[in-house]
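Asker: Provided below for reference: sequence and predicted model.
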Amino acid sequence: MPDAELAAHLAAAAGRILIEVRDSEIFEGKALGAAGDATANEFLCRALRVVRPDDGLLSEEEKDDSSRCNFSRVWIVDPVDGTREYGEQRSDWAVHVGLAIDGAACVGAVALPGLDGGIVLRTDSVNALPETASTPRFLISRSRPAKEAVAVCDAIGGELIRMGSAGAKAMAVVRGEAEIYLHSGGQYEWDSCAPVAVAQAHGLHCSRIDGSPIRYNRADPYLPDLLICRAEYAELVLKEVAKLS
């Protein structure tokens, strides 16, 4: 099975598992989030170790093994991106299955199981981007909006939209629900590897907020910031961010 097909298959299957855990009504709130994380992680990591035994693996829900840095190909997964939103039974959470090759996010799939019917966006199935809105829409965190995003939005006359998980926000740009996702509050590689791979496949600009490339499978998986946006806004947004520093 090709890598992109595998990523999409696993993300979709993990999404179905998470919906079943949610609908069991055994757990709620933080307990639901913890149960979902553990169950989806067990499935994804076990499956990847079976079907891609020669690749490295990094998951939010497993103890990091630095030996992955010796691999050219490393799967980077987030079993539930937006555990809080999942526990609250909202729709803005995601499942990330990404593959970094030589440090670049190359292949991936992001499942949005909480949406009606559930959808999977993937690197090997690309649709044309919808028309850009006349007013640029910025996606920000529900609870911790990045000050840079707010400042740049004000500077260019944009509109702020609050949303949950990083994957949900990135895919909202792919789906034409917003134009810009600017984050500077700190993340980890599993928060953005699959979303960046999918966004790039759809022709979006993806970088750090200083314009430098986003690199994966580093010894320290912490990633402080990123920008995912329509290509026509990239230069303007990066210029406004630079003014803030």
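Answerer: Perfect, thanks for sending it.
Asker: for the residue lying closest to V95 once chain neighbours are set aside, give me its contacts.
Answerer: In space, and not counting its chain neighbours, V95 is closest to A111: 4.1 Å by Cβ to Cβ, 6 or more residues apart in numbering. Backbone N, C-alpha and C define where each C-beta goes, glycine included. Shown in contact with A111 (Cβ atoms under 8 Å, 6 or more residues apart in numbering): A11, A12, A14, G15, A94, V95, G118, I119, V120.
Asker: top of these by number of neighbours, please.
Answerer: Neighbour counts for the contacts of A111, by other Cβ atoms under 10 Å, peak at V95, which reaches 33 neighbours.
Asker: spell out for me which residue occupies the centre of this protein.
Answerer: The structure's the chain has its C-alpha centroid closest to G167; by Cα atoms, centre = their mean the separation is 3.2 Å.
Asker: you'd agree that one is in a strand?
Answerer: No. Under DSSP: H, G, I helix; E, B strand; the rest coil, G167 falls outside any strand and is assigned helix.
Asker: surely it and V97 touch.
Answerer: No. Applying Cβ atoms under 8 Å as the test, G167 and V97 come out as separate, 10.5 Å apart.
Asker: hang on, the earlier thing: which one is the residue nearest to the centre of the chain nearest to, not counting chain neighbours?
Answerer: Nearest to G167 is A94, by Cβ to Cβ, 6+ apart, at 3.1 Å.
Asker: can you count the residues close to R175?
Answerer: 17.
Asker: before we move on, what about A146?
Answerer: 21.
Asker: and the longest helix for the protein?
Answerer: Longest helix in the chain by number of residues (criterion: DSSP state H): helix 29-51.
Asker: buried set for that helix?
Answerer: Applying a neighbour-count criterion of 16 or more other Cβ atoms under 10 Å, one finds 32-33, 35-37, 39-41, 43-45, 47-48 buried in helix 29-51.
Asker: related to what we said a few turns ago, biggest separation within the contacts of A111, which pair?
Answerer: Within the contacts of A111, A14 and I119 form the most distant pair, 13.8 Å apart (Cβ to Cβ).
Asker: doesn't the residue nearest to V95 belong to a strand?
Answerer: Yes. A111 sits within a strand when classified using three-state DSSP.
Asker: so what's it bridging to?
Answerer: V95, V120 (DSSP bridges).
Asker: distance of it from V120?
Answerer: According to Cβ to Cβ, to the nearest Å, A111 and V120 sit 5 Å apart.
Asker: which residues are common contacts for these two?
Answerer: Here A111 and V120 have A11, A12, G15 as joint contacts, going by Cβ under 8 Å, 6+ apart.
Asker: does the first one touch V97 like I think?
Answerer: When you say that, I think you mean A11. Yes. A11 lies in contact with V97 (Cβ under 8 Å); the separation is 4.5 Å.
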